[in-house]
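**Student:** below are the sequence and a predicted model; questions follow.
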Amino acid sequence: MKRNLWMNLLMAVLVAGLFMTVSCAQKKVVSESTTIEDQAAAEAAAAEKAAAEAERIKQQEIEEKMAREKAAKIAAAKNRFENQNIHFEFDSAELNAMAKMLLKEKAEWLNANPMAKVTIEGHCDERGTTDYNLALGERRARAAKNYLVDLGVSAARLTMISFGEEKPLDPGMTEEAYRKNRRAQFVIK
Amino acid sequence: MKHYSMATATLVGILLLLSVTSAVAKEYDYINISDPFLKKTPIAVTRFKAFNTAEDEIREGARAEQILRDALDFTGYLEVMNANAFLSDPAETGIALGQINFRDWTGIGADLLITGGIKAEQGLYMLELRLFDTLNTKLLLGRRYHSVGKEKIRSTIHRFCSELSFELTGNYGVFGSQISFVSTVNGNKEIYIADFDGHNPRRITRHNSISLSPAWSHDGQWLAYVSYAQGKPDIFIKHLKENRGAIVNYDGMNIAPDWMPDQLKLAATLSFSGSQEIYLLTKKGEIIKRVTKSWGVNVSPRFSPDGKQIAFTSSRGGTPQIYIQNLETGEVGRVTFEGRYNTSPAWSPDGKKIAYVGIEKNRINIFVMSVDPGAGAPVQLTMDQGDNEDPTWSPDGSLIAFKSNRQGGVSRLFVMTAAGKDQRRLLHMKGQQSQPSWSAAFKTWDD
């Protein structure tokens, strides 16, 4: 019984030794350069992978940035649409060159946002009478509306309201305040 | 014989003390209120005689005297004299015709004299008032008012002033009238009504929106005004005592209402057609007919007192100017030619003049012109005192109320004589006030 155990153990050691000898000899003789090449390739692959990853991250960042920029641009365009008022001369509902330029920009925005519906508010400075300014404010809103319709915006998307001199942006009694208050203002519904 | 107790004697029960003012002698040559060079007539108002010298008689008598002085002063054609100048005291020596020494009054320059008396009657008061012509030593008006409660002293004095006006001018004056106007409340514009002298302002609307341009019907029962309560400018027609009315809400704007004299019809500017035109409407807002048909703005219609014409503002000639159109024939003519901005016509009650707003060199002022083009150039009534807008005539044509920002740039109501004299604050209340509209003298003192 004891003798059998020892025999088996010896056999195992021998076989293991044999295998080890073979493998060592092979490695040493044949594959010096291969090993080096493998290492370079692996390193290159890793580098490539890292570069790709960096590129991907960069790309993603660019995309995110673009998306952000696009969103900001959309928000800015919307903001501009709502907050860039068009202005008029005293006792006038005529559109000047600046007003027409801004209305073209607004028409572009409306065409890019076909679901948007808008109220055009007409306002006046405080000079002149309540009744007359209500009428003048309506004429200002109508002038802006008609110009947008001429630029291809559906009239059904545009409603008008006049506030006359009831809602000044600047309560001051200066020419600057009056200029600010004589306006058509655009409110997205 | 039926016995009437004091309690059943009504406030309106009055006794003519002496019938010196016969129906024949109605010449009204005392005061001509339409004279622009009118000099004020000096009038003395005496201390009220307390018949029982009771404490409350003396107190309420002093109050009645002050109300009377303020009311006479408000007219703009009477100069209420300082009591320090008086040589006698009718409260002591007697307030009736035989008891007055007229030389005491002509001597200090009083052309007219009012004496008053008060007597406590079972918790109420009897008021006795007499108006004398001192030069002719004549009683012009004598009235005794019974069963006047403390809270009715003010309106009773105004009732006497109304009769006094009629004696002196042939017209019942302003005392039975009221003024509606716009005032801000927490940033919103609401409609208010006050007595003719700005007392007792009370809020009429609670829209919490923008409410504008109140206009009285001739009978004083209805008010039309503009409100954004439904999101855009519409005309609200409201009965002041009953829960009745209508809303004129055609597409676009519905603004600038004015009532036709003696009829419950309105003129207003509607824009549903795409242009801003004046229409004639029923009190329910149904269109009777279109009045204007022109390029440009057509707003602020005001009926002539005979109801046959309207004055209005139109920009048909390039700038806002005032036009008059005959409602029957449609004939229309421009009436303002000076300046580039003339709006807000207001027809005087006698139909001869139109007050309006003109802008010259960025100054906004009130002018008055004759409807008859041969009657001279327009006269400027306000000058160098802020911006002045929204003129409205008192029912007797003696006064014009208006809006001015002359005090610290804040919009307030003022009043002046029709010649532009005696410009003073009408009303002291919070917020900013604008767009006064003076009613007819409809009050009958039965409330």
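**Tutor:** Now that the structure is in, tell me what you want to look at. If you're wondering where the values come from, they're calculated on a predicted model, not measured in any experiment.

**Student:** for residue 105, list the residues it contacts.
**Tutor:** Using chain A here. By CB atoms under 8 Å, 6 or more residues apart in numbering or on different chains, the contact list for A:Glu105 reads A:80-81, A:84. In this view, the C-beta of every residue, glycine as well, is placed from N, C-alpha and C.

**Student:** looking at chain B here, not the other one
**Tutor:** B:44, B:87, B:113, B:132, B:134.

**Student:** hmm, who's touching the host helix or strand of B:Val182?
**Tutor:** Following DSSP states H and E, one finds B:Val182 within strand B:178-185. Identification of contacts with strand B:178-185 by CB under 8 Å, 6+ apart yields B:189-196, B:198, B:201, B:203-204, B:211-216, B:220, B:223, B:225, B:392, B:401, B:413, B:426-427, B:429-439, B:443.

**Student:** show me the strands in chain A, by range?
**Tutor:** A:86-87, A:118-123, A:158-164, A:183-188 (DSSP state E).

**Student:** how close does B:Ser404 get to A:Asp131?
**Tutor:** Applying CB to CB, to the nearest Å, the value for B:Ser404 to A:Asp131 is 18 Å.

**Student:** that older thread, so which of the contacts of A:Glu105 is the closest to A:Ala93?
**Tutor:** Proximity of these to A:Ala93 was ranked by CB to CB; the top entry is A:Gln84 with 18.4 Å.

**Student:** widest-spaced pair of the contacts of B:Trp105?
**Tutor:** Within the contacts of B:Trp105, two members stand farthest from each other by CB to CB: B:Leu87 and B:Phe132, at 14.9 Å.

**Student:** more crowded one of these two?
**Tutor:** B:Phe132 (26 against 11; other CB atoms under 10 Å in any protein chain shown).

**Student:** tell me how many other residues surround the residue lying closest to that one once chain neighbours are set aside.
**Tutor:** Of all residues not flanking B:Phe132 in the chain, B:Leu113 sits nearest, at 4.3 Å (CB to CB, 6 or more residues apart in numbering or on different chains). Residues lying near B:Leu113 (other CB under 10 Å) number 26.

**Student:** report the beta-bridge partners for B:Leu113.
**Tutor:** Beta-bridge pairing for B:Leu113 (DSSP bridges): B:Ala44, B:Phe132.

**Student:** go on, B:Gln325?
**Tutor:** Beta-bridge pairing for B:Gln325 (DSSP bridges): B:Ile310, B:Val332.

**Student:** OK, contacts around it?
**Tutor:** Taking CB under 8 Å, 6+ apart, one finds B:291-292, B:309-310, B:312, B:331-333 in contact with B:Gln325.

**Student:** please report how far B:Lys430 lies from B:Ile108.
**Tutor:** For B:Lys430 relative to B:Ile108 (CB to CB), the value is 42 Å.

**Student:** tell me which of these two has more neighbours.
**Tutor:** Between B:Lys430 and B:Ile108, counted using other CB under 10 Å, B:Ile108 has the larger neighbour count: 16 against 8.

**Student:** hmm, back to that, of the contacts of strand B:178-185, which ones also sit close to chain A?
**Tutor:** Restricting these to those touching chain A (CB under 8 Å from any CB of the partner chain) yields B:189, B:212-213, B:434-435.

**Student:** what ranges do the helices span in chain A?
**Tutor:** Counting by DSSP state H, chain A has helices at residues A:2-30, A:32-83, A:97-112, A:130-150, A:175-181.
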